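Peer 1: Output the structure for:
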Amino acid sequence: MYPDSIKNLIESFKYLPGIGEKTAERLAFSVLELEDEQADLFRSSIKDVKMKVHKCKRCNSLTEDDECYICKDESRDNGTLCVVEDTKNVILFEKLGVFHGKYHVLNGLISPLEGINPEDIGLETLIDRITKEKFKEIIFAFRPSIEGETTSLYIKKILEDMNLKITRLASGVPMGADMEYLDSLTLERALNDRKEIE
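Peer 2: Coordinates of the predicted model:
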């Protein structure tokens with residue numbers, strides 16, 4: 001039905017998460033309507049991302065240099081390390097502007113059901129870094145899930161003899177939430193992490 005070049009573009013868009021046939025078609029036709037300069041920028045941006053972006057040798061986040069801008073920043077708190085499951089979480093925290101320590105990005109979370117074991121998420125790099133850089137506090141900033149809990153407990157067990165303060169993000173009932181729609185894990189966490197009213 002379509003010329004081969006449009007068909008190929010539609011199929012390419014379908015590689016992206018959440019993009020089905022109709023959305024891919026719409027995006028392909030949008031590309032056809034781009035000015036030449038816009039199309040060139042689009043093409044070169046995709047090429048640059050694939051050619052230039054790689055993992056930071058220290059924290060495993062994404063960068064175009066040997067080390068990311070956070071690892072290079074001497075003004076950050078070198079005593080606190082926030083461990084996250086992917087680079088998107090680093091960006092989320094940075095946009096908030098409330099955390100001024102360092103980060104370490106894992107390659108996901110432990111999930112035996114999906115065949116993701118401790119050796120698959122880059123723990124050896126994390127442990128090596130914690131040993132060398134002498135952090136005082138390690139914060140686990142994982143999503144509140146079975147995988148997040150499993151990963152937290154596994155790493156905590158490895159670190160228990162290192163004289164570190166190990167914390168996790170507070171979690172529980174979000175503001176404005178209807179209690180009847182909350183899952184049992186969220187309610188359990190909310191109850192266990194309760195705080196005194198001052």
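Peer 1: use CA for all of it now, contacts and neighbours both
Peer 2: Noted.
Peer 1: Dead centre of the chain: give me the residue that sits there.
Peer 2: Asp86 (2.1 Å; C-alpha atoms, centre = their mean).
Peer 1: you'd agree Ser171 is in a helix?
Peer 2: No - residue state for Ser171 (DSSP: H, G, I helix; E, B strand; the rest coil) corresponds to coil; a helix is not indicated.
Peer 1: tell me the contacts of it?
Peer 2: 144, 186, 189-190, 193 (C-alpha atoms under 8 Å, 6 or more residues apart in numbering).
Peer 1: Recalculate using a threshold of 7 Å.
Peer 2: Ser171 makes contacts with 189-190, as judged by C-alpha atoms under 7 Å, 6 or more residues apart in numbering.
Peer 1: Tell me the predicted confidence for it.
Peer 2: Ser171 is assigned 76 on the pLDDT scale.
Peer 1: thinking again about what came up before, which ones are touching the residue nearest to the centre of the chain?
Peer 2: 105-108.
Peer 1: Also Ile19?
Peer 2: For Ile19, the contacting residues are Phe13, by C-alpha under 7 Å, 6+ apart.
Peer 1: Apply 10 Å and report the result again.
Peer 2: With contact taken as C-alpha atoms under 10 Å, 6 or more residues apart in numbering, Ile19 is in contact with 10, 13, 25, 27.
Peer 1: Would you confirm that it belongs to a strand?
Peer 2: No - looking at Ile19 with three-state DSSP, it is coil, so not inside a strand.
Peer 1: Please name every helix or strand in contact with the longest helix seen in the chain.
Peer 2: When the chain is parsed with DSSP state H, its longest helix is helix 36-52. The contact analysis (3 or more C-alpha pairs under 10 Å, 6 or more residues apart in numbering; DSSP states H and E) places helix 36-52 against helix 21-32.
Peer 1: tilt between the helix it packs on and helix 36-52?
Peer 2: Angle of helix 21-32 versus helix 36-52, following axes from the mean of the first three to the mean of the last three C-alpha atoms, to 10 degrees, is 120 degrees.
Peer 1: before we move on, the earlier item: looking at the contacts of Ile19, which is nearest Met162?
Peer 2: Taking C-alpha to C-alpha as the measure, Met162 lies nearest Phe13 of the contacts of Ile19, at 47.3 Å.
Peer 1: close enough to count as contact, the closest one and Ser30?
Peer 2: No - using C-alpha atoms under 10 Å, Phe13 is not in contact with Ser30; the gap is 11.7 Å.
Peer 1: Pull up the overlap in contacts between those two.
Peer 2: Ala24.
Peer 1: Among those two, which residue is more densely surrounded?
Peer 2: Phe13 (19 against 10; other C-alpha atoms under 10 Å).
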